[in-house]
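S.K.: A predicted structure for the sequence below; I have some questions about it.
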Amino acid sequence: MRAISTAVGGMLRARLRAASRARGGGGGDGAGRWTTPGHEERPKGYLFNRPPPPPGESRKWEDWELPCYVTSFLTVVILGVGLNAKPDLTLETWAHQKALERLQQQELAAASAGDADAE
């Protein structure tokens, strides 16, 4: 049994070692699994490769941004209000209401039987 676990452990280590070499770029010529020759070695550090505006100047919104932000905000508001206002149609709520109705009917029947006995 110990020989099988040792063999399995050795095979697993060998596969992990090979995978880590392939992911690290392997070849040494700069081309790796995720890069190709001709790409930058390091990113510039700007989001979407867009440099920030000069100091004191704000970024100009693109024409799609305002409708997208307004629509997103309204969607969140409508869903928040709508999902909070929906009726409770769960089976547990229905069964609870039916049980309360039966208890009231039993109490009324017991009270009317008690009144009939008193007369």
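M.R.: The structure has been received and is ready for your questions.

S.K.: show me the contacts for Thr6.
M.R.: Not one residue lies near Thr6 by C-beta atoms under 8 Å, 6 or more residues apart in numbering. Backbone N, C-alpha and C define where each C-beta goes, glycine included.

S.K.: Use 23 as the first number for this chain going forward.
M.R.: In the new numbering, first residue 23, that becomes Thr28.

S.K.: I'd like to know the average pLDDT value across the helix or strand that contains it.
M.R.: Element membership for Thr28, per DSSP states H and E: helix 24-45. For helix 24-45, mean pLDDT rounds to 70.

S.K.: need the next SSE after the helix or strand hosting Leu101, C-terminal direction.
M.R.: For Leu101, the host element (DSSP H and E) is helix 87-107. As assigned by DSSP H and E, the chain's next helix or strand after helix 87-107 is helix 113-140.

S.K.: contacts for stretch 99-111?
M.R.: Applying C-beta under 8 Å, 6+ apart, stretch 99-111 has no contact partners.

S.K.: What would it look like as CSV? C-alpha coordinates only.
M.R.: What follows is stretch 99-111, C-alpha atoms only, in CSV (Å, rounded to 0.1, in the frame of the first residue of the first chain):
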residue,chain,number,x,y,z
VAL,A,99,-33.9,51.1,-7.5
ILE,A,100,-36.7,49.4,-9.4
LEU,A,101,-35.5,45.9,-8.4
GLY,A,102,-35.0,47.0,-4.8
VAL,A,103,-38.5,48.4,-4.5
GLY,A,104,-40.2,45.7,-6.6
LEU,A,105,-38.6,42.8,-4.8
ASN,A,106,-39.4,44.2,-1.4
ALA,A,107,-43.0,44.9,-2.3
LYS,A,108,-43.8,41.5,-3.8
PRO,A,109,-46.5,39.5,-2.0
ASP,A,110,-45.4,36.6,0.2
LEU,A,111,-46.8,33.5,-1.7
